[in-house]
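**Student:** All I have is the shape, not the residue letters:
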């Protein structure tokens, strides 16, 4: 089973206005949009109990709001941090977020496309599976590093970073960008 191990870890973040952030010693990352969503049949903690386990309808709800609120579309994203506590959830997120069509993630998810240097590098920090399972906070941290240009696995010309969290339950996502 391809699932992440429980980990201990911590992350601290300072959230302030863009105006105040401009005066800080490190380049800030701006939250372009942040949304949370739930879907039908969500009374159970996970979506495992639905008749259709091939999708993540709550991520579909989040995607619709995220693209609407940000004014962006999937092709505007240079790198993404998809919540990967279990590998199959990455495939469903790629589809629900509109990076590929329903049932197409298995063909979309190639090493050439999703690795550093590809058209959509994902989880450049190793994700929850490879770095640590601290419930998505490390995805936000790596997203900030990508926006700042300080990641060990830096994606070139980052303008928009997508971060998701908590798939299979009421879930959330945000888009980070450099300050104007």
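**Tutor:** Perfect, I can see it now. Just so it is clear, the model here is predicted, and its values are computed rather than measured.

**Student:** Quick one: mean pLDDT over the top helix by length along the chain.
**Tutor:** Across the chain, the longest stretch assigned as helix under DSSP state H is helix 57-70. Mean pLDDT, computed over helix 57-70, is 96.

**Student:** Start the count at 734 instead of 1 going forward.
**Tutor:** All set: I'll call the first residue 734, so the last point we hit is now helix 790-803.

**Student:** Stretch 809-827: which residues count as buried?
**Tutor:** 810-819, 822-827 (16 or more other Cβ atoms under 10 Å). (Glycine included, C-beta is placed from N, CA and C.)

**Student:** Show me the strands in the protein, by range?
**Tutor:** 762-770, 812-814, 894-898, 904-911 (DSSP state E).

**Student:** what's the pLDDT at residue 901?
**Tutor:** On the pLDDT scale, residue 901 gets 73.

**Student:** try residue 778
**Tutor:** With respect to pLDDT, residue 778 has a value of 61.

**Student:** do residue 775 as well
**Tutor:** 64.

**Student:** For this structure, give me the ranges with low pLDDT.
**Tutor:** Along the chain, segments meeting pLDDT under 70 span 734, 774-782.
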